[in-house]
Every structure is written in C-alpha cells, then in structure tokens.
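# When you get a sec, could you give me coordinates for this:
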Amino acid sequence: MPLQLNYHFFYTLGLRSKLFGSLVKLAM
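Predicted coordinates for the structure are as follows:
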C-alpha cells in the first residue's frame, strides 16, 4: 500500500511540475 501511495505522490508531483514548466514557458 505505501508503495502505491508513493507512486501516486511522485506521479502527481511530476504532473504538477510539468504544468508549472508549461506555465513558465507561457509567461516568457
């Protein structure tokens, strides 16, 4: 169970980071 939670956490983190990167690119 903890492994699944960890995977989900990192997945959402990567998704958020990708979204943030595209936002920064848009701002520039």
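# on contacts alone, who are the packing partners of whichever helix or strand L5 is part of?
Assigned by DSSP states H and E, L5 belongs to helix 2-27. Helices and strands touching helix 2-27, as assessed by 3 or more C-beta pairs under 8 Å, 6 or more residues apart in numbering; DSSP states H and E, are absent. Any C-beta I mention is one placed from the backbone N, CA and C, and that applies to glycine too.
# Use 35 as the first number for this chain going forward.
Sure thing, new numbering starts at 35, so read that last one as helix 36-61.
# Now that helix: buried residues?
Residues of helix 36-61 classed as buried by neighbour count (16 or more other C-beta atoms under 10 Å): none.
# averaged over its residues, what pLDDT does that helix have?
In this model, helix 36-61 carries a mean pLDDT of 91.
# from the middle of its chain, how far away would that helix be?
How far helix 36-61 lies from its chain's middle: 0 Å, per C-alpha atoms, centre = their mean, to the nearest Å.
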